[in-house]
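Engineer: here is my input; please provide its structure:
(one chain, ligands or ions: 2)
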Amino acid sequence: MKKILFLGDVVGAPGRKFLMENLAQIRAGTQADFIIVNGENAAAGSGINASIARDFVASGIDALTLGDHTWDQRGFENDLPKLEKICRPANLPEENPGATHLILTAPDGFRLLVFTVLGQTFMGPKTACPFRCAEKKLTELAGTFDAAFVEIHAEATSEKVALGRFLDGRAAAVVGSHTHVPTADECILPAGTAYQTDAGMCGPHSGVIGRETQAVLGRFLDGRPRRFEIADGEVQLNGCLISYDETLKKSVAIERFRLS
Ligand SMILES: [Fe+2]
Ligand SMILES: [Fe+2]
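Structural biologist: Residues are numbered from 1 along each chain as shown. Ligands and ions are numbered 1, 2, ... in the order given. Here you go, the predicted model:
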């Protein structure tokens with residue numbers, strides 16, 4: 001059995017600190033073979049930078065993924081190709097720098113393919129079709145991996161559910177991110193793919209999806225832009241833990257994960 005822990009979007013310093021401080025305990029507690037973390041909001045809520053990415057890897061994270069905020073930090077396009085264990089969404093235009101997937105290898109040689117696709121419904125970045133992109137990745141890389149973890153970073157639940165159905169039996173897991181709110185629909189799809197529409201976020205939960213309440217509320221009330229500071233208060237780590245059976249070549253369990 002291989003255990004895959006995915007943790008949703010890390011938000012700001014509170015999310016980073018709480019995650020890195022507790023990573024060894026989380027690894028021991030979950031017996032995770034692979035810990036995959038979305039870091040798209042790690043730098044003050046917007047993007048990530050080289051120093052944060054290196055800190056995450058040094059703390060023991062096996063893979064870092066990104067989302068629509070990939071390029072929010074100035075100059076990150078120059079740093080990304082030099083960083084290890086991090087990939088940008090696979091369906092951004094091919095001119096975008098950075099790896100489009102990772103292959104993680106367990107001590108026994110088991111290889112896990114990891115990549116992210118961005119949704120196209122209610123999303124900003126220019127992207128290719130996430131369905132065809134994911135299919136192409138799985139086909140083109142066949143033989144180089146034993147199981148695949150596919151992250152769907154998207155707003156619309158329908159698009160995420162549809163990708164899960166589309167890849168059922170072809171990926172070990174299809175897990176959503178981006179909305180920062182965990183969904184209660186974790187399941188094993190009929191052909192053995194573990195699925196959850198959104199894993200939730202790793203960050204402060206007292207505000208509005210990681211940002212300070214009054215600023216977000218003010219924007220909704222009067223429509224004027226303002227600076228959204230990172231919220232404070234209780235920090236939660238949210239994600240899911242998947243059990244993949246190498247003999248059956250199927251996922252057999254998925255459970256929601258939370259640490260607060
Ligand atoms: Fe996002
Ligand atoms: Fe996010």
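
Engineer: switch to C-alpha atoms for all contacts and neighbour counts from now on
Structural biologist: Fine.

Engineer: so which residues on the stretch 101-250 of the chain come close to ligand 1?
Structural biologist: For the stretch 101-250 of the chain, the contact set with ligand 1 under Cα under 5 Å from the ion comprises His178.

Engineer: quick one: the helices in the stretch 101-250 of the chain, in order.
Structural biologist: With helices called from DSSP state H, counting those that start in this stretch, the stretch 101-250 of the chain shows them at 130-140, 157-167, 213-222.

Engineer: where is the longest helix in the chain?
Structural biologist: When the chain is parsed with DSSP state H, its longest helix is helix 12-30.

Engineer: what's whichever helix or strand comes after that helix packed up against?
Structural biologist: Once the chain leaves helix 12-30, the next helix or strand it forms, by DSSP states H and E, is strand 34-38. Where contact means 3 or more Cα pairs under 8 Å, 6 or more residues apart in numbering; DSSP states H and E, strand 34-38 is packed against strand 2-7, strand 63-65.

Engineer: so the longest helix of the chain, near ligand 2 or not?
Structural biologist: No - looking at helix 12-30 against ligand 2 by Cα under 5 Å from the ion, there are no contacts, and the closest approach is 10.6 Å.

Engineer: next, the buried residues of that helix.
Structural biologist: With burial defined by 16 or more other Cα atoms under 10 Å, the residues of helix 12-30 counted as buried are 12-16, 18-20, 23, 26-27.

Engineer: can you dump the C-alpha atoms of stretch 6-21 in CSV for me?
Structural biologist: In CSV, the C-alpha atoms belonging to stretch 6-21 read as follows (Å, rounded to 0.1, in the frame of the first residue of the first chain):
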residue,chain,number,x,y,z
PHE,A,6,-2.2,16.1,-0.4
LEU,A,7,-2.4,19.4,1.4
GLY,A,8,-4.3,22.3,-0.2
ASP,A,9,-3.2,25.8,-0.9
VAL,A,10,-0.8,27.1,1.8
VAL,A,11,-1.7,30.7,2.6
GLY,A,12,0.9,33.2,3.9
ALA,A,13,3.3,33.0,6.8
PRO,A,14,0.8,31.4,9.3
GLY,A,15,0.2,28.5,6.9
ARG,A,16,3.8,28.0,6.1
LYS,A,17,5.0,28.1,9.7
PHE,A,18,2.3,25.7,11.0
LEU,A,19,2.9,23.3,8.1
MET,A,20,6.7,23.2,8.4
GLU,A,21,6.7,22.9,12.2
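
Engineer: so the closest residue to Leu7 other than its chain neighbours bridges to which residues?
Structural biologist: Once flanking residues are discounted, Leu7 sits nearest to Gly239: 4.1 Å by Cα to Cα, 6 or more residues apart in numbering. Taking DSSP bridges as the rule, Gly239 bridges to Leu7, Phe257.
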